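Q: Sequence and predicted model, in that order:
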Amino acid sequence: LSAIARSDIDERLLRFTLLPGALATVAMLAMVAAHILWSFGLWLDAPTHFWGNDGILATSTLAGTVVQVLIMLVATLIAFRALVWGVSARRATPHLA
């Protein structure tokens, strides 16, 4: 935060980045939800495939799905936290000194 406050980057450019960041975070959340819904549909329509070993390199499909959802959730939470930091920095004084 202090590095940004001391930089020569125009404040309008930094404020502009909040909108694409918010859109990307919403898109990430939508993709997590879509993946969970798709996995639920796979479980309903093809339970033998879902409970089988048809994942990456013949690993458990369920384990692969859980790992993928967890990775997507962590990435989405990181993006959300960065967005919150960006909004709070927008309200802060631009120069710390």
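A: Here it is on my side, so go on. Numbering: from 1, shown residues only.

Q: packing partners for the helix of greatest length in the chain?
A: Looking across the chain with DSSP state H, the single longest helix is helix 61-91. For helix 61-91, the elements it packs on are helix 11-16, helix 18-45, helix 47-50, judged by 3 or more Cβ pairs under 8 Å, 6 or more residues apart in numbering; DSSP states H and E. The way it works is simple: take the backbone N, C-alpha and C, and place the C-beta from them, glycine included.

Q: Name the nearest residue to residue 22, ignoring sequence neighbours.
A: residue 83 (5.9 Å; Cβ to Cβ, 6 or more residues apart in numbering).

Q: Please tell me how far that neighbour sits from residue 19.
A: According to Cβ to Cβ, to the nearest Å, residue 83 stands 10 Å off from residue 19.

Q: Turn the helices and strands packed on helix 61-91 into TSV, including mean neighbour count.
A: Shown next, in TSV, are the helices and strands packed on helix 61-91 (neighbours: other Cβ atoms under 10 Å):
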stretch	mean neighbour count
helix 11-16	11
helix 18-45	13
helix 47-50	12
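
Q: Let me know the pLDDT of residue 71.
A: With respect to pLDDT, residue 71 scores 97.

Q: Alright, I will stop here.
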